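> kindly generate the corresponding structure for this input.
(one chain, ligands or ions: 1)
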Amino acid sequence: MLDIQVEKTNHPKQKPVDETQLGFGKIFTDHMFMMNYNQEKGWHNARVQPYSPITLDPSALVFHYAQECFEGMKAYRRADGKVQLFRPEKNAQRMLSTHERLCIPPISEQDFVQAVKALVEVDCDWVPHSDGTSLYIRPFTIATEAMLGVKASAEYQFIIIASPSGAYYAEGINPVRIYVEDQYTRAAPGGTGYIKCGGNYAASIIASEKAHKLGFSQVLWLDGVERRYVEEVGSMNIFFKIDGEIYTAPTCGTVLPGITRMSCIELMKSWGLEVHETRLAIEDVMKFAQEGKLEEVFGTGTAAVISPVGELVYENETAIIHNGTIGTLTQKLYDTLTGIQWGKLPDENGWTVPIGG
Ligand code: COI
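Model prediction:
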């Protein structure tokens, strides 16, 4: 259990008036959580303090060798005004596995969740009220030891910031156009594809830039060995409904184990759907599309929620999915998941965690 000191700001910022203009991750709350690590004290000095820039030595290891990682989660405002988190222990568990891969000392599940709750409690008034909005929470860890040897840092900072946000994609719940990337790859066996480290995202930007220039929202990554099997999209996991059954890539090392992904699989199985976590070749996806069997495609992610895919372009072929409109299953998943997250539907699985009382 952390002993968290709270220092509140004397200069609260103006909260956004028009919540329809929030966008994603552009403004930040009044406070942040911080905690330091060194070898003598372990994780210590847990505190919620006014949001501010941080000062680091230019030789801090994070700037050179990218020993850094992050999580993404949200706090939701219910109709009764209360605020809740969604499966925060799953983010804590994933952060633990990320820390392990990056040789960063662990933060226990309990401490992680306690830290998130402490920040959200202090900044509770920043959780927006409008439909489709939430407080996006970004926990992250950086290597802060000042030295240039390539090694695990002896010092770290764990920080949590929060941002009232709307839809991640400008399209909102409207279908996105996705470009299948066949030149660059995101992850290879034995690498870091299954963790949330900034390096994965840095290396992906070139492909997103290319996709944006061509008029697409994101790229669909193929596996790094054969460039053949579908893996994930820039900021989401991806699902395919083919002839009534559901397919998504297995999370065995190169794919991020998304919490929205996991929740969708659990929901779809509870509805009696057949869900296959199995490798699926892109040429089969395109063939199923031609045969009229590719019924729906959607992405899942904390930031993106559920995002229907209306078009997939691979090499010179285009697959239009569900006439470019949202499919019935995609809509049902969106309604159910967001219904639970915003407290409009009963939480039969015990996924939500209240903030405060
Ligand atoms: C999330 O969905 O929380 C993510 O971290 C994706 C992203 C915005 C990089």
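> could you measure from the residue in the chain positioned nearest to the ligand over to residue 152?
As assessed by CB to the nearest ligand atom, the ligand sits closest to residue 72 within the chain, at 2.0 Å. Any C-beta I mention is one placed from the backbone N, CA and C, and that applies to glycine too. The spacing between residue 72 and residue 152, counted by CB to CB, to the nearest Å, is 24 Å.
> one more: residue 130?
In this structure, residue 130 and residue 152 are separated by 43 Å, where distance is defined by CB to CB.
> got it, and residue 200?
19 Å.
> between those two, which has more neighbouring residues?
Under the criterion of other CB atoms under 10 Å, the comparison of residue 200 against residue 152 puts residue 200 first, with 18 against 14.
> three-state assignment of the more buried one?
Three-state assignment for residue 200 (DSSP: H, G, I helix; E, B strand; the rest coil): helix.
> correct me if wrong: it contacts residue 188.
No. Using CB atoms under 8 Å, residue 200 is not in contact with residue 188, being 11.3 Å away.
> with adjacent residues omitted, what lies nearest to residue 99?
If the residues on either side of it in the chain are set aside, residue 99 comes closest to residue 106, at 5.4 Å by CB to CB, 6 or more residues apart in numbering.
> I'd say that neighbour and residue 97 touch.
No. Applying CB under 8 Å, one finds residue 106 not in contact with residue 97, separated by 9.7 Å.
> mind listing the strands the one helix or strand residue 84 maps to pairs with, and their directions?
Under the criterion of DSSP states H and E, residue 84 resides in strand 83-86. According to DSSP bridges, the neighbouring strands of strand 83-86, each with its direction, are strand 73-77 (antiparallel), strand 352-354 (antiparallel).
> for it, buried residues please.
Within strand 83-86, the residues that qualify as buried are 83-86, counting by 16 or more other CB atoms under 10 Å.
> dump these to CSV, plus pLDDT.
Supplementary listing: these in CSV, determined by pLDDT from 0 to 100:
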residue, pLDDT
83, 98
84, 98
85, 98
86, 98
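> and this protein, which residues reach the ligand?
Listed as neighbours of the ligand in the chain under the rule CB under 6 Å from any ligand atom: 72, 201, 235, 301-303.
> change it to 8 Å
With CB under 8 Å from any ligand atom as the criterion, the chain meets the ligand at residues 24-25, 70-73, 136, 138, 168, 196, 201, 234-236, 258, 260, 301-304.
> now the buried members of those residues.
Neighbour counting by 16+ other CB under 10 Å classes 25, 70-73, 136, 138, 168, 196, 234-236, 258, 260, 301-304 among those as buried.
> now, the residues you listed that are in strands?
In this view, those that belong to strands under DSSP state E are 70, 73, 136, 138, 236, 301.
> list the contacts of the fifth one.
Looking back up the chat, that one is residue 236. Applying CB atoms under 8 Å, 6 or more residues apart in numbering to residue 236 gives the contacts 218, 258, 260, 299-301, 304, 307.
> if we go to 7 Å?
Under the criterion of CB atoms under 7 Å, 6 or more residues apart in numbering, the contact list for residue 236 reads 299-301, 304, 307.
> same thing with residue 311?
Neighbour list for residue 311: 177-178, 318-321, 324 [criterion: CB under 7 Å, 6+ apart].
> most neighbours among those residues, please name it.
When neighbours are counted by other CB under 10 Å, residue 178 leads the contacts of residue 311 with 27 neighbours.
> helix, strand or coil for it?
With three-state DSSP as the basis, residue 178 sits in strand.
> name the nearest residue to residue 271, sequence neighbours excluded.
residue 332 (8.0 Å).
> off-centre distance for the strand or helix carrying the one you found?
With elements taken from DSSP H and E, the one containing residue 332 is helix 328-341. Between the mean C-alpha location of helix 328-341 and the chain-wide mean there is a distance of 17 Å, by CA atoms, centre = their mean, to the nearest Å.
> what helices and strands are in contact with it?
helix 259-270, strand 294-301, strand 305-314 (3 or more CB pairs under 7 Å, 6 or more residues apart in numbering; DSSP states H and E).
> which residues does the first one contact?
Contacts to helix 259-270, defined as CB under 7 Å, 6+ apart, come from residues 87, 90-91, 237, 239, 246, 248, 275, 300-302, 305, 333, 336-337, 351.
> how about 8 Å then?
Helix 259-270 is contacted by residues 73, 86-87, 90-91, 94, 236-237, 239, 246, 248, 251, 275, 277, 300-302, 304-306, 329, 333, 336-337, 349, 351 when judged by CB under 8 Å, 6+ apart.
> so which bits of that helix are buried?
Applying 16+ other CB under 10 Å to helix 259-270 flags 259-265, 267-268 as buried.
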